[in-house]
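Asks: Let me see the structure of the following:
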Amino acid sequence: ISGYSAAEVCGQNPRILKSGAHPREFYEEMWRTISSGGTWHGRVQNRRKDGSLYWGDLTISPVRDDAGRALHYVAANAPAEDEDNVGTAAIYAAADDIARCKQIESGLAESQRRFGDVLANVELVSASLDLDGNITFANDYLLRATGWRLDEIVGRNWFDVFIPPDAEVRQVLLRDIREGRVPAAYENEILTRAGERRLVAWSNVLLRDGRGAPAGVTGIGVDITERRRMERAMAESQEKYRALFENSPDACFLLDGLVIADCNRAAETVLRGARSEIVGKSVVDLSPEFQPDGQPSVSAAETHARRASREGRADFEWAHRRLDGEEFPAEVQVARVTVSGRPLLFVTWRDITERKRLARALQASEAKFSQAFMSSPLLMVITRPADGKIVEVNPAFESVIGFSREEALGATTLGLGVWVQEGDRERFIDGLRRHGRIEPMDVRLRRKDGEVITALLSGCMFDLGGEPMVLSTVNDITARKRMDM
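Replies: Below is the predicted model of the structure:
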């Protein structure tokens with residue numbers, strides 16, 4: 001109809017067809033109609049490429065987006081009925097093309113609408129920028145997370161609103177967008193309205209216009225601020241744990257089931273071997289076949305491990321074997337832990353060989369003391385200083401004082417009426433408090449039958465089962481005193 005090819009007119013202003021036959025008011029009325037969203041119909045005289053004029057029936061309709069805004073316009077121009085009907089087939093073909101374009105545009109608009117709905121409602125931060133970094137879209141999640149309203153930021157520059165001033169991302173990102181190579185994923189901090197920094201992991205999509213040229217970028221991001229904070233805290237915690245683990249004076253192990261997954265330096269010392277020799281072994285490999293109570297080490301170890309896994313903790317004594325074959329007793333504590341998502345057992349061993357030796361020595365000493373206490377010809381009595389009650393007496397107590405063991409236990413010397421002079425008792429107690437012991441002192445004591453005897457009384461403080469006690473010794477010197485007289 002016009003004589004122009006598609007290549008000659010694409011991108012050109014429609015004024016190239018203007019014939020000059022219509023006044024300016026004609027075109028102003030046309031523009032008012034379509035700019036207000038209406039469709040314009042009318043007969044227009046246009047000029048062909050060869051300069052000849054022709055009349056056509058022109059229809060112009062706007063193509064709108066979801067918000068009703070006109071994106072562009074579609075014009076259909078058919079020769080007027082009183083003109084040559086040459087090119088009618090071409091007009092029908094053009095109409096078909098327009099219909100197909102309409103369908104494509106409608107599908108594209110629906111796709112854009114759905115994509116926009118996803119961005120608007122997804123529980124992730126999302127924003128779109130143009131080539132200059134100006135904000136063209138921000139979803140509700142981003143607005144809630146940062147404290148902004150949409151009308152406050154649309155049209156403003158993203159880097160001025162959200163990027164910390166010390167960040168160097170502005171020029172790099174804008175250059176990449178314009179060159180069509182925006183990074184698919186990266187992390188950077190954004191600022192909230194209150195100035196708080198939030199770390200976001202972004203996934204980006206480059207936007208292109210109808211000609212395929214870069215037009216902007218849309219980013220969808222995950223706020224990973226808390227995750228990073230937790231990761232840092234966990235790393236610091238693991239670092240502290242590792243330092244405690246390595247420097248503990250007790251042998252420490254991590255068990256996966258019954259297999260040693262890790263151990264510290266103290267474990268190397270206790271087992272007399274290198275970590276490489278210890279890790280990978282089962283605790284059963286480091287135990288005799290049977291425990292002191294007769295249980296097989298395999299079944300006993302499994303029982304303790306199950307109890308620790310179920311209850312969170314288990315404490316017990318265990319017979320272990322060093323790498324050189326020497327056996328030793330250990331105090332074992334097992335706790336259930338999780339390391340990097342794996343359920344493990346944290347185990348400490350304390351070599352109690354010396355404690356056991358001292359306990360045996362103490363038992364032997366106590367046996368000797370008990371034998372000496374009971375066989376001494378001198379009266380001996382053990383009292384509790386907190387209440388003065390008699391805890392134990394030896395056989396000489398009954399022969400000297402006259403009270404039986406059953407009568408004495410649980411009573412006090414004051415209650416039994418043993419003291420003739422109250423001053424002697426006070427002097428004895430005061431000396432114990434001051435010095436912890438009393439050298440032999442002359443006292444007068446009363447027997448059960450009322451007879452008064454003269455004696456040398458000595459005493460000392462000592463520990464019995466973790467409780468302070470007084471050991472008193474009485475030497476009856478009544479006969480000697482009578483002879484001296």
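
Asks: Low-confidence stretches in the protein?
Replies: Along the chain, the parts satisfying pLDDT under 70 run over 63-69, 71, 78-122, 362, 484-485.

Asks: In stretch 129-139, which residues are buried?
Replies: For stretch 129-139, a neighbour-count test (16 or more other CB atoms under 10 Å) marks 129-130, 133-139 as buried. Bear in mind the C-beta positions are built from the backbone N, C-alpha and C, glycine included.

Asks: Identify the residues contacting that stretch?
Replies: Outside stretch 129-139, the residues that touch it by CB atoms under 8 Å, 6 or more residues apart in numbering are 116, 119-122, 124-128, 148, 150, 153-159, 161, 170, 173-174, 177-178, 214-219.

Asks: Name the nearest residue to Glu277, ignoring sequence neighbours.
Replies: Leu323 (6.2 Å; CB to CB, 6 or more residues apart in numbering).

Asks: In contact with that neighbour, which residues?
Replies: Leu323 makes contact with 271-273, 277-278, 286, according to CB under 8 Å, 6+ apart.

Asks: From these, which land in strands?
Replies: Judged by DSSP state E, strands contain none of the contacts of Leu323.

Asks: still on that earlier bit, which two among the buried residues of stretch 129-139 are spaced furthest apart?
Replies: In the buried residues of stretch 129-139, two members sit farther apart than any others by CB to CB. They are Gly133 and Asn139, at 17.8 Å.

Asks: What is the end-to-end distance of stretch 339-357?
Replies: Stretch 339-357 has an end-to-end distance of 37 Å (CA to CA, to the nearest Å).

Asks: Repeat that for stretch 8-16.
Replies: Using CA to CA, the two ends of stretch 8-16 sit 10 Å apart.

Asks: and if you look at stretch 32-48?
Replies: 26 Å.

Asks: what does that stretch contact?
Replies: Against stretch 32-48 from outside (CB under 8 Å, 6+ apart): 1-3, 17-22, 30, 53-62, 64, 68, 70, 73, 77, 80.

Asks: which among these end up buried?
Replies: 1-2, 17, 30, 54-58, 60-62, 77.

Asks: now, among those, which is nearest to Ser297?
Replies: Checking those one by one against Ser297 (CB to CB), the nearest turns out to be Pro62, at 87.9 Å.

Asks: looking at this, the closest one is in a helix?
Replies: No: counting by DSSP: H, G, I helix; E, B strand; the rest coil, Pro62 falls outside a helix, being strand.

Asks: Show me the beta-bridge partners of the closest residue to it other than its chain neighbours.
Replies: Once flanking residues are discounted, Pro62 sits nearest to Ala70: 4.1 Å by CB to CB, 6+ apart. Beta-bridge pairing for Ala70 (DSSP bridges): Arg64.

Asks: Any idea how far apart the tips of stretch 411-430 sit?
Replies: Its first and final residues considered, stretch 411-430 spans 21 Å by CA to CA.

Asks: list the buried ones in that stretch?
Replies: 411, 413, 416, 418-419, 424-425, 428.

Asks: One more: stretch 428-446?
Replies: 428, 431-432, 438, 443, 445-446.

Asks: cool, stretch 28-46 as well?
Replies: Neighbour-count burial for stretch 28-46 [16+ other CB under 10 Å]: 30, 33-34, 40, 44, 46.

Asks: Now the terminal residues of that stretch, how far apart.
Replies: Terminal residues of stretch 28-46 lie 17 Å apart, using CA to CA.

Asks: just to revisit the earlier point, highest neighbour count among the contacts of Leu323?
Replies: Neighbour counts for those peak at Leu271, which has 25 neighbours (criterion: other CB atoms under 10 Å).

Asks: List the residues that contact that one.
Replies: So Leu271 contacts 251, 278, 286, 322-323 (CB under 8 Å, 6+ apart).

Asks: I'd like those laid out as a markdown table, including distance to Ala479.
Replies: What follows is the contacts of Leu271, written out as a markdown table (distance: CB to CB, whole Å):
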| residue | distance to Ala479 |
| --- | --- |
| Ala251 | 64 |
| Ile278 | 72 |
| Leu286 | 67 |
| Arg322 | 63 |
| Leu323 | 68 |
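
Asks: for the stretch 201-350 of the chain, what spans make up the helices?
Replies: For the stretch 201-350 of the chain, the helices defined by DSSP state H, counting those that start in this stretch occupy 225-247, 265-271, 275-278, 297-311.

Asks: Now the phi/psi pair for Phe403, please.
Replies: phi -90, psi 140 (degrees, to the nearest 10).

Asks: so it sits right up against Ala396, yeah?
Replies: No: assessed by CB atoms under 8 Å, Phe403 is found out of contact with Ala396, at 11.9 Å.

Asks: Spatially central residue in the protein, please.
Replies: Met230 (5.0 Å; CA atoms, centre = their mean).

Asks: So that residue versus Val337, what's the distance?
Replies: 18 Å (CB to CB, to the nearest Å).

Asks: Same check on Asp463?
Replies: 38 Å.

Asks: who has more neighbours, these two?
Replies: Using other CB under 10 Å as the criterion, Asp463 and Val337 rank with Val337 on top: 16 against 8.

Asks: in the sheet, who's paired with the more buried one?
Replies: According to DSSP bridges, beta-bridge pairing links Val337 with Leu344.

Asks: buried stuff in stretch 202-217?
Replies: Under the neighbour-count criterion of 16+ other CB under 10 Å, stretch 202-217 has 202, 204, 206-207, 214-217 buried.

Asks: which one of those residues sits closest to Ile260?
Replies: Within the buried residues of stretch 202-217, the smallest distance to Ile260 is 43.7 Å, found for Trp202 (CB to CB).
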